[in-house]
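# sequence first, then the predicted structure:
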Amino acid sequence: YQDEGVKTVLPRYASAKLDFRLAPSQEPTRIPELVQQQLIKNGFEDVKVKYLVGQPGYRSDVTHPFVQLVSQAAKKAYGNDRVEYVPNSFGAGPAYAFGRLLKLPVLGFGIGNANSRAHGANENIRLADAVQATSLLDQVLQQF
């Protein structure tokens with residue numbers, strides 16, 4: 001029930017979409033089976049899992065020269081104490097295709113700050129964030 005007020009009638013059915021970010025060793029087509037087994041184990045035999053789409057996880061080699069180049073450029077653009085290398089990203093993209101299939105390192109960096117409210121209705125960036133990110137991209141492209 002999505003209209004104003006409350007309604008105590010129970011719906012006949014419910015649905016949900018789940019999104020999983022996989023580790024490099026995980027196979028996406030196996031995940032629905034594992035979720036289904038866990039639901040059954042916990043008494044939810046009537047819940048059915050349907051696989052929609054997926055791709056294997058991927059992680060770039062942290063010792064790859066390009067990873068090091070971006071890391072050093074980020075430290076220059078943002079300051080040594082403000083840069084972290086996070087091996088698993090919560091973001092999505094074609095990392096598997098570029099990484100495993102084309103054997104290219106994949107890194108993500110972008111514009112934002114702790115209060116950017118990423119993907120929210122009030123998502124924002126500060127001009128200073130854009131300047132820093134542009135500086136980082138400029139350094140990476142010049143050094144590459």
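Thanks, I have the structure now. Keep in mind that what you see is a predicted model, and the values were worked out from it rather than measured.
# output the longest helix belonging to the protein.
helix 127-143 (DSSP state H).
# mind telling me what element E4 is part of?
Counting by DSSP states H and E, no helix or strand carries E4.
# any idea how far R12 is from it?
Separation of E4 from R12 (C-beta to C-beta, to the nearest Å) stands at 22 Å. (Glycine included, C-beta is placed from N, CA and C.)
# tell me the mean pLDDT for the longest helix of the chain?
Taken as a whole, helix 127-143 has a mean pLDDT of 93.
# which parts of that helix are buried?
By 16 or more other C-beta atoms under 10 Å, the buried positions in helix 127-143 come out as 132-133, 136-137, 139-140.
# shaky segments in this protein?
Low-confidence segments of the chain (pLDDT under 70): 1, 91-92.
# what about A118, how many residues nearby?
By other C-beta atoms under 10 Å, the residues close to A118 number 12.
# residue contacts, it?
Going by C-beta atoms under 8 Å, 6 or more residues apart in numbering, A118 touches G112.
# please tell me how far it sits from K75.
23 Å.
# next: K41.
46 Å.
# buried sites along stretch 111-120?
112, 116.
# output that stretch as CSV, restricted to C-alpha atoms.
Output of stretch 111-120 as CSV, limited to C-alpha atoms (Å, rounded to 0.1, in the frame of the first residue of the first chain):
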residue,chain,number,x,y,z
ILE,A,111,34.9,13.7,-7.3
GLY,A,112,33.4,13.9,-3.8
ASN,A,113,33.8,14.4,-0.1
ALA,A,114,32.4,12.8,3.0
ASN,A,115,29.3,14.9,2.8
SER,A,116,28.6,14.5,-1.0
ARG,A,117,25.6,12.3,-0.3
ALA,A,118,26.5,10.0,-3.2
HIS,A,119,23.4,8.9,-5.2
GLY,A,120,21.0,10.7,-2.9
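# chain center to that stretch, what's the gap?
14 Å (C-alpha atoms, centre = their mean, to the nearest Å).
# cool, stretch 80-90 as well?
Remark: stretch 80-90 is offset 13 Å from the chain centroid, using C-alpha atoms, centre = their mean.
# what's the end-to-end length of it?
Length of stretch 80-90, first residue to last, C-alpha to C-alpha, to the nearest Å: 23 Å.
# residue contacts, the residue lying closest to L136 once chain neighbours are set aside?
With C-beta to C-beta, 6 or more residues apart in numbering as the criterion, L136 has its nearest non-adjacent residue at 4.0 Å, and that residue is A77. Residues near A77 by C-beta under 8 Å, 6+ apart: 132-133, 135-136, 139.
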